[in-house]
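**Q** Give me a 3D structure for the following:
(2 chains)
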Protein chains: 2
Amino acid sequence: MKTPRIVIVGAGFGGLQTAQSLANSGADVCLVDRNNYHTFVPLLYQVATSQLEPEYIAYPIRTIVRRFSAKRHQDKPKTRFLLAEVQRIDFSAQIVETDRCAIAYDFLVLATGSKTQYLGVTGASEYAFPMRTLAEAVRLRNQILTCLEQASQESDPALRQQLLTFTIVGGGATGVEMAGALIEMLRGKFRRDYPTLDLQQVKLIVVQSGDRLLAELPKKLGVYTYKKLRHLGVEIHLQTRVSQVTKESVHLQNNEVIPTATVIWTAGLEANSPQTSEDISTDKKEKFVVHPTLQLLEQPNVYAIGDLAYLEQNSKPLAGVAPEALQQGVAVARNIQQQLRGKSPKPFSYFNKGRLAIIGCYSGVGKIGNFAFTGFLAWLMWLGVHWVYLPGYRSRLVVLLSWIYTYLLGDRAVRLILPI
Amino acid sequence: MKTPRIVIVGAGFGGLQTAQSLANSGADVCLVDRNNYHTFVPLLYQVATSQLEPEYIAYPIRTIVRRFSAKRHQDKPKTRFLLAEVQRIDFSAQIVETDRCAIAYDFLVLATGSKTQYLGVTGASEYAFPMRTLAEAVRLRNQILTCLEQASQESDPALRQQLLTFTIVGGGATGVEMAGALIEMLRGKFRRDYPTLDLQQVKLIVVQSGDRLLAELPKKLGVYTYKKLRHLGVEIHLQTRVSQVTKESVHLQNNEVIPTATVIWTAGLEANSPQTSEDISTDKKEKFVVHPTLQLLEQPNVYAIGDLAYLEQNSKPLAGVAPEALQQGVAVARNIQQQLRGKSPKPFSYFNKGRLAIIGCYSGVGKIGNFAFTGFLAWLMWLGVHWVYLPGYRSRLVVLLSWIYTYLLGDRAVRLILPI
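**A** Numbers count the residues shown, from 1 in each chain, chains lettered A, B, ... in the order given. Okay, the predicted model is just below:
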């Protein structure tokens, strides 16, 4: 029997895990990504807030693949990596078309993740700063630092205030983590670099459409987070929607206009779905609907996982967090091998280890099972969990050093305006 | 008497040293640069060859300025930093015009350094990769890594060879250091990431117009370097000039055409001279001619230092290396203070501590006084000297870790294709 060809599109948490779980399957596995690095997305906000260098959370895919290929049996084929942009998937011909070449597959795993959704707000895509990719996080960092440079030269108080006003749209985990990190950056030792600037003038505003922060977590955690951020000096607008973003302001639906040079967009995500030869049934946010086995409804040899897949569990859609993608990666690898053995794939069930969010120095919130907790413990657990999941010892070392800088010294390690 | 205003343009080795030496002068010092970071130029080639992350050799100017301002007497004014691009200097009005604002000066120090000179070679400015700025070094790194990615997917042997052929134009210190580091990168452990690629196919060619490498050093050192690089597998063309550079080849004046996807340009530099209201006498490479006191011939209150200044010592022009700029920075600070006291500035004399160049792992060349030496000692001294001069403990730590990676493990720490 000829070696089955498995193609994995996307080297995020889900795609990488699938590749790793298939390393010993004996199949010919090809992992495709448009970048030659894996991005550790949960720490993007720390790149944007000058805590980490981009390289610390970007890990070369070839090195990861080499590491787990090395563990495979010698007779098994190596996992291949292809740096290419996927353009279209031809289900009938079973071919993935990329900008470099076309790859034939017997089984296909789609793990292309999500992209920013601007909810139809005028000017948002032009003027707001998203934070979904490494490049976007660095652009945001450069913007924040550039605003400080310009403000330190600005004589007009109104313009200076505009440069020192930062608005975060969205009060989910990303918005909260960004808010806490940014206010602590601008009020901390970092100040010393701008002696001519009164960083007490800094205004940080969070605009949240819902009636509380961290909607996906228990109410009391949202309330705690609200109090904590207010205490840090963050201005929070609940039940408020943004109607327009311009170069120098954000307009709210209550007709309020906030002059602000920087609008950070964490409000919406949608599936980053690839073009396909045949239509695929989608649900909310363009996600591909999958069977409990993670197979596409229409294509038994094509799987979708992570943010791209729409799957309900206990009649609630999955939240789209890293642990789901990782567990789905393992499940897909197992199911494909089931199919190779002529057996039928098993349904996936997500084991929820809990949720954590970090607010700022020494404070976070978390929920494990029915146990909700706040403060230092949650903060420490957040750091611990993310540190353990970082790929590679080198990243772990440099991230640890940077965290000492951030949390013990109250300073920021990164200060470069280095366009990316 | 009102506080004298001193403006320093450029935060390279010379400009920064001038600012530091003036920190306690009591003058109102303003340091202007188009970047918010100082680039440690001697290590750029290590960024290009995947040894160091760009951040390791880019140091935030505000932090450096803050550090040495902290040491000043409390009554003395702080040194200011201005992030701006200088557009024109008006000598009669004594004003530096930038893209942000105009700054008046009583004394002006020009330390704008040098830029790549393409010697009128067709296509060089479009297709060759220079290596004078951090962004250029990163672009070159991305190009090298992209060539490997493309080669690993290229079925046509001729095209693959072209992608795996790297040509360095120029056999000075930069060209030699780049050649050694690049060949060791491509022949070292780095290979493991490209199992499908035979990196023995890699061709690295150095094209040097003169009859030997490292012309600025004693002949025997050039000969040693030649042997060493040949031994490492580098192909060296002496007394050869480049006539044209295209996207996929380099043409030599002997009509030979080398198919190569990457041409690295280290052949020429010229002064990066600012626009001025009145003409300034210049010499070779557009450099501003200065008195032995480093004052411009025409402007007694304007100084030029580093690569921008043309000055002869023992009837030989200075070589344009970092130590000269550093010593000139000290001298200029002293001379300006002399002028402030109504005394006349003293002539500058360069104390040559020696020259070093690194070839590759465990081998370098050096000259101290009349003592020329090669091999391990020169290599170790090169690393030691550069390590000591690195600004900041953090950079020293991460650079040290990266050097262990490079020289002890024979691997490369950086692998990201991260456009900058």
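**Q** Go through stretch A:207-214 and flag the buried ones.
**A** For stretch A:207-214, the neighbour count (16 or more other C-beta atoms under 10 Å in any protein chain shown) marks A:207-209, A:212-214 as buried. Every C-beta, even on glycine, is put in place using the N, C-alpha and C of the backbone.
**Q** Now do the helices for chain A: every range, in order, please.
**A** Listed in chain order, the helices found in chain A under DSSP state H are A:13-22, A:44-48, A:61-70, A:124-127, A:134-151, A:157-163, A:173-187, A:219-232, A:322-340, A:376-389, A:393-403.
**Q** Mean neighbour count added to these, as TSV?
**A** Formatted as TSV, the helices of chain A follow (neighbours: other C-beta atoms under 10 Å in any protein chain shown):
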stretch	mean neighbour count
helix A:13-22	26
helix A:44-48	26
helix A:61-70	19
helix A:124-127	16
helix A:134-151	21
helix A:157-163	17
helix A:173-187	24
helix A:219-232	18
helix A:322-340	22
helix A:376-389	16
helix A:393-403	17
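**Q** okay, these in TSV with mean pLDDT and distance to chain B next?
**A** As requested, the helices of chain A are exported to TSV (pLDDT from 0 to 100; distance: least, C-beta to the nearest C-beta, whole Å):
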stretch	mean pLDDT	distance to chain B
helix A:13-22	97	15
helix A:44-48	97	11
helix A:61-70	90	4
helix A:124-127	97	21
helix A:134-151	96	5
helix A:157-163	97	13
helix A:173-187	96	14
helix A:219-232	97	24
helix A:322-340	97	21
helix A:376-389	96	18
helix A:393-403	90	7
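**Q** Pipe those helices into a markdown table and attach distance to B:Ile103 per row.
**A** Formatted as a markdown table, the helices of chain A follow (distance: least, C-beta to C-beta, whole Å):
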| stretch | distance to B:Ile103 |
| --- | --- |
| helix A:13-22 | 50 |
| helix A:44-48 | 32 |
| helix A:61-70 | 48 |
| helix A:124-127 | 31 |
| helix A:134-151 | 15 |
| helix A:157-163 | 19 |
| helix A:173-187 | 27 |
| helix A:219-232 | 37 |
| helix A:322-340 | 50 |
| helix A:376-389 | 45 |
| helix A:393-403 | 35 |
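**Q** on that earlier part again, tell me which of the buried residues of stretch A:207-214 fall in strands.
**A** Applying DSSP state E to these, the entries found in strands are A:Val207.
**Q** Show me the shaky parts of the stretch 251-400 of chain A.
**A** Along the stretch 251-400 of chain A, no part satisfies pLDDT under 70.
**Q** Around chain B, pick out the residues from it.
**A** With C-beta under 8 Å from any C-beta of the partner chain as the criterion, the stretch 251-400 of chain A comes near chain B at residues A:394, A:397-398.
**Q** hmm, back to that, of the helices of chain A, which is nearest B:Ile280?
**A** Nearest to B:Ile280 among these is helix A:134-151; the distance by C-beta to C-beta comes to 29.9 Å.
**Q** next one: that closest one to chain centre, how far?
**A** 19 Å (C-alpha atoms, centre = their mean, to the nearest Å).
**Q** Any chance you could list what contacts that helix?
**A** For helix A:134-151, contacts defined as C-beta atoms under 8 Å, 6 or more residues apart in numbering or on different chains pick out A:37, A:39, A:44-45, A:47-50, A:54, A:57-58, A:129-131, A:160, A:163-164, A:166, A:182, A:194, A:197, A:261-262, A:264, A:414-420, B:36, B:83, B:100, B:418-419.
**Q** and with 6 Å instead?
**A** Identification of contacts with helix A:134-151 by C-beta atoms under 6 Å, 6 or more residues apart in numbering or on different chains yields A:39, A:44, A:47-48, A:50, A:54, A:58, A:129-131, A:160, A:163-164, A:194, A:197, A:261-262, A:417, A:420, B:83.
**Q** From those residues, which land in strands?
**A** In this view, the contacts of helix A:134-151 that belong to strands under DSSP E are A:39, A:58, A:262, B:83.
**Q** A:Tyr37 is in contact with the second one, correct?
**A** This points to A:Ala58. Yes. Judged on C-beta atoms under 6 Å, A:Ala58 makes contact with A:Tyr37 at a distance of 4.2 Å.
**Q** any shared contact partners between these two?
**A** Listed as contacting both A:Ala58 and A:Tyr37 by C-beta under 6 Å, 6+ apart are B:Leu416.
**Q** Pick out the residue in the stretch 101-250 of chain A sitting closest to chain B.
**A** Across the stretch 101-250 of chain A, no residue is closer to chain B than A:Asp193, which sits at 4.0 Å (C-beta to the nearest C-beta).
**Q** For that residue, which non-adjacent residue is spatially closest?
**A** Among residues not flanking A:Asp193 along the chain, B:Arg62 sits closest, at 4.0 Å (C-beta to C-beta, 6 or more residues apart in numbering or on different chains).
**Q** Ok, A:Leu163 next?
**A** Per C-beta to C-beta, 6+ apart, closest to A:Leu163 is A:Ala151, 4.0 Å.
**Q** ditto for A:Tyr194
**A** Distances taken as C-beta to C-beta, 6+ apart place A:Ser152 nearest to A:Tyr194, at 5.4 Å, with adjacent residues excluded.
**Q** OK, contacts around the one you found?
**A** By C-beta under 6 Å, 6+ apart, the contact set of A:Ser152 is A:194, A:196-197.
**Q** again with A:Pro292
**A** A:Pro292 neighbours (C-beta under 6 Å, 6+ apart): A:Pro347.
**Q** Would you mind measuring from it to chain B?
**A** A:Pro292 sits 37 Å away from chain B, taking C-beta to the nearest C-beta, to the nearest Å as the criterion.
**Q** Look up phi and psi at that residue.
**A** The phi and psi torsions at A:Pro292 (degrees, to the nearest 10) take the values phi -50, psi -20.
**Q** Look up how far A:Leu318 lies from it.
**A** Taking C-beta to C-beta, to the nearest Å as the measure, A:Pro292 falls 12 Å from A:Leu318.
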